[in-house]
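Sequence isn't available, so here's the structure alone:
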């Protein structure tokens, strides 16, 4: 055998939806791959590409999907693991490393020669922020509101401390059909910690045909404004509107607590 | 006059360095533009493009640069404002809106018909995180350590609260020649709040030819490991190594404080 089989697993970000928001790097990886694994709607985005074997699976099957992709890569194939947005932000990259860490001795042996690479993408908060103006132009934090993999008390504590630090905040997965209470809880904490005029922005399906963007105040925000396809951005105390845009100033004056 | 002059200002992100990390959207905007404004090294990246008038300026001249770009756009031209990374993360987008907000009556009139758009890019922390593995795979925050535009006490307070919330952290501008003390202060706060084994990652010039990535523990970290071209990522208490990669698990157990 002249060459050992060295398969590849490339974990890529497809961006928030529009094809123009892919990087050239990810386009090249797609062109060179043999297989693509991912959640149904992400695999669907590559459905016109005849050179790819597509392996779609359901949400919440991330670990099984990662294991299957590693096994196909171990056959010497060039495998893509698809995420929307960026693969490292609440997406598949961590799931792949989790499976690698907890591999059985057999799996560890089988996967040992694989080339594993992560390629970044435009994550939803950057696309939403660009559409809004520049709400993340000063220090900010990024929180997944789903309590699927962490206790709700941790999420509430993080939002409270982030408000006290006066971070702008980007919320992913504000609520889903099965867990509508996540964003309700977040709004409650924000209302305890922030002034009623605080700006809050709802960006749904940014870069897609049915994109909607809504900006309102914390006092006027309603839980129904966010669904599982919405990225929520909460401003810091200085975030303001200028015309149709929202931005957070680069400068920050000493607040009363300092 | 058949058409009113409606100039455009497009604030774009060029990504962290490598041309393959540009989006197709930004490439198209570059192809269609007439002028490009930016800090010298970013303008240099477009120096081969004969169709563009290039307007390079020095760092810390952001507001003058934004004003000049708006004025050229008001002549009916298609103007790019260049940032590296993403324009909305510690870059030019906020500076443009700041100038618009504080425009004189004359400027307001001159700029009123402009089309202003922000186009996202791969910001340094996403490129660094991808190279490392997935250190930002759980809740995280993003802090600019420069005290050029905000008090050092605000930065220290934010790092302390972020550590108490157990966010992973990405630090931009950890230190510059004129202000070497920013990262020294950050390390001091982190050592007060986090365990000595906490992982800390130094990613310098990611995607460029001279890229370097170093992973160490908080107890072994030294201030000299970061310069103005370094993106620093601090893990949360669960961030770990797996082979040559660093990742933060998606799941989070209830910690003792909850």
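Received the coordinates, thanks. Predicted model, so just to flag it, every value in this text is computed and none were measured.

Which residue ranges of the stretch 1-150 of chain A form helices?
A:24-32, A:40-44, A:62-73, A:92-101, A:105-111, A:124-132 (DSSP state H, counting those that start in this stretch).

now do the stretch 151-258 of chain A
Ranges of helices in the stretch 151-258 of chain A, per DSSP H, counting those that start in this stretch, are A:152-164, A:181-193.

Of those, which is nearest chain B?
Among those, helix A:152-164 comes nearest to chain B, with 4.1 Å by CB to the nearest CB. From N, CA and C alone the C-beta is placed, and that goes for glycine too.

avg pLDDT for that closest one?
Taken as a whole, helix A:152-164 carries a mean pLDDT of 97.

before we move on, what about stretch A:198-213?
Mean predicted lDDT for stretch A:198-213 stands at 97.

do the same with stretch A:127-134
Mean predicted confidence for stretch A:127-134 is 98.

Residues of the stretch 151-258 of chain A that sit close to chain B?
A:151, A:153-154, A:157-158, A:161-162, A:164-167, A:240, A:242-243, A:245, A:247-255, A:257-258 (CB under 8 Å from any CB of the partner chain).

List the ones among these that fall in strands.
Judged by DSSP state E, those include A:240, A:242, A:245, A:247 as members of strands.

Compare the residues you listed and tell me which is most surrounded.
Taking other CB atoms under 10 Å in any protein chain shown as the neighbour criterion, residue A:247 ranks highest of these with 30 neighbours.

got the contact list for that one?
A:133-135, A:137, A:239-240, B:93-94, B:97-98, B:101 (CB atoms under 8 Å, 6 or more residues apart in numbering or on different chains).

In PyMOL, how would I select just the buried ones from these?
Paste this into PyMOL to select the buried members of the contacts of residue A:247, with burial taken from 16 or more other CB atoms under 10 Å in any protein chain shown:
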select buried, (chain A and resi 133+134+135+137+239+240) or (chain B and resi 93+94+97+98)
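
mind giving me CSV with the contacts of residue A:247 and columns for distance to residue B:171?
What follows is these, written out as CSV (distance: CB to CB, whole Å):
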residue, distance to residue B:171
A:133, 24
A:134, 20
A:135, 20
A:137, 16
A:239, 22
A:240, 26
B:93, 20
B:94, 18
B:97, 24
B:98, 23
B:101, 28
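
And the contacts of residue A:247, which is closest to residue B:192?
Residue B:192 lies nearest to residue A:137 out of those, by CB to CB, at 28.7 Å.

Pretty sure that closest one sits against residue A:249.
Yes: between residue A:137 and residue A:249 there is a contact at 7.2 Å, judged by CB atoms under 8 Å.

Next, count neighbours for the closest residue to residue A:221 other than its chain neighbours.
Using CB to CB, 6 or more residues apart in numbering or on different chains and skipping residues adjacent in sequence, the residue nearest residue A:221 is residue A:200, 4.9 Å away. Number of residues near residue A:200 (other CB under 10 Å) recorded here: 27.

ditto for residue A:73
Residues near residue A:73, counting by other CB under 10 Å: 28.

what sits against it?
Residue A:73 neighbours (CB under 8 Å, 6+ apart): A:7-9, A:79, A:111, A:114.

excluding its backbone neighbours, what's nearest it?
Per CB to CB, 6+ apart, closest to residue A:73 is residue A:7, 3.7 Å.

and if you look at residue A:198?
residue A:218 (4.2 Å).

Roughly how far does that neighbour sit from residue B:154?
In this view, residue A:218 and residue B:154 are 22 Å apart by CB to CB, to the nearest Å.

Does residue A:45 touch residue A:13 like I think?
No: between residue A:45 and residue A:13 there is no contact under CB under 8 Å: 11.9 Å.

among the helices of the stretch 1-150 of chain A, which is the most enclosed?
Mean neighbours per residue, mean count of other CB atoms under 10 Å in any protein chain shown, is largest over the helices of the stretch 1-150 of chain A for helix A:124-132, with a mean of 29.

what angle do that helix and helix B:92-101 make?
Between helix A:124-132 and helix B:92-101, the angle comes out at 20 degrees (axes from the mean of the first three to the mean of the last three CA atoms, to 10 degrees).

Next, see if helix A:124-132 gets close to chain B.
Yes: shown here: helix A:124-132 in contact with chain B (CB under 8 Å from any CB) through A:126-127, A:129-131.

relative to helix B:24-32, how tilted is that helix?
40 degrees.

on contacts alone, who are the packing partners of helix A:124-132?
strand A:168-172, strand A:199-204, strand A:212-217, strand A:230-234, strand B:115-119 (3 or more CB pairs under 8 Å, 6 or more residues apart in numbering or on different chains; DSSP states H and E).

In JSON lines: those, plus distance to residue B:66.
As requested, the helices and strands packed on helix A:124-132 are exported to JSON lines (distance: least, CB to CB, whole Å):
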{"stretch": "strand A:168-172", "distance to residue B:66": "21"}
{"stretch": "strand A:199-204", "distance to residue B:66": "22"}
{"stretch": "strand A:212-217", "distance to residue B:66": "22"}
{"stretch": "strand A:230-234", "distance to residue B:66": "22"}
{"stretch": "strand B:115-119", "distance to residue B:66": "11"}
